[in-house]
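Asks: need coordinates for the below:
(one chain, ligands or ions: 1)
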Amino acid sequence: MRDEPHPNTSGGPAMKRSLFALATAAALCVAGAAHAAEPVYGTLSGTSKSVKTVFEVDYAGTLYGNLSSYLIDGVGYDIFSVVVDGVTLVDELPASPNDFYSFALPVLPGEHTIWVKGASFGGQFSGTYTVTPVPEPESLALAMTGLVGVAGALGRRRLKR
Ligand SMILES: [Ca+2]
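Replies: Residues are numbered from 1 along each chain as shown. So this is what the prediction gives:
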């Protein structure tokens, strides 16, 4: 047992291992903060000229959405506009019934509404939306404190040697 190298004098490998462990801990800290609030998923679809979708989040996040519509052999749907929380994101989507539109915007905690408006020709539009939480400043600060701690520990070790 006395032959076991001392971690402080054996040099590189031990330090690399501890640095890796600390960096992993910091990364897990960031991941944990991001996963504390669950993402919200939903589908967007409808056949009428104005379709309302309501969702609620209890955190500040980013709303991502995509929509598509097609008119094939006179049957389908033509999207005209997409309105989120009263704000028109796009009006008169390409004057073609074949639309593909995606969007991303920040949302605050609370209830949100997505309106899709267009003309139906016996078909429907379809799409999805996702809200993912934005990491909170306190969580980021905590992770940064961890990283500063790693740097500090390494600095102190260098001084000792
Ligand atoms: Ca269109």
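Asks: doesn't residue 14 lie inside a strand?
Replies: No: under DSSP: H, G, I helix; E, B strand; the rest coil, residue 14 sits outside any strand and is assigned helix.
Asks: what about it, how many residues close to it?
Replies: Look at residue 14: counted by other Cβ atoms under 10 Å, it has 15 neighbours. Using the backbone N, CA and C atoms, a C-beta is placed for each residue, glycine as well.
Asks: kindly report the same for residue 63.
Replies: Residue 63 has 20 neighbours, counted by other Cβ under 10 Å.
Asks: for it, give me its contacts.
Replies: Applying Cβ atoms under 8 Å, 6 or more residues apart in numbering, we find residue 63 in contact with 84, 103-107, 112, 129-131.
Asks: which residues in this structure form helices?
Replies: In the chain, the helices defined using DSSP state H lie at 12-35, 137-160.
Asks: quick check: chain neighbours aside, which residue is closest to the residue sitting nearest the centre point of the chain?
Replies: Among the residues of the chain, the one closest to the centroid is residue 132, at 3.6 Å (Cα atoms, centre = their mean). Once flanking residues are discounted, residue 132 sits nearest to residue 39: 4.8 Å by Cβ to Cβ, 6 or more residues apart in numbering.
Asks: do the same with residue 40
Replies: In space, and not counting its chain neighbours, residue 40 is closest to residue 131: 4.3 Å by Cβ to Cβ, 6+ apart.
Asks: show me what residue 100 is bridged to.
Replies: Assessed by DSSP bridges, residue 100 has beta-bridge partners residue 68.
Asks: would you agree it is in contact with residue 79?
Replies: No: assessed by Cβ atoms under 8 Å, residue 100 is found out of contact with residue 79, at 9.3 Å.
Asks: which one of the two is surrounded by more residues?
Replies: Taking other Cβ under 10 Å, residue 100 and residue 79 do not tie; residue 79 has more neighbours (25 against 13).
Asks: now for the longest strand along the chain, which elements pack on it?
Replies: Secondary structure of the chain per DSSP state E: the longest strand is strand 110-121. The contact analysis (3 or more Cβ pairs under 8 Å, 6 or more residues apart in numbering; DSSP states H and E) places strand 110-121 against strand 40-46, strand 50-57, strand 61-69, strand 75-84, strand 125-133.
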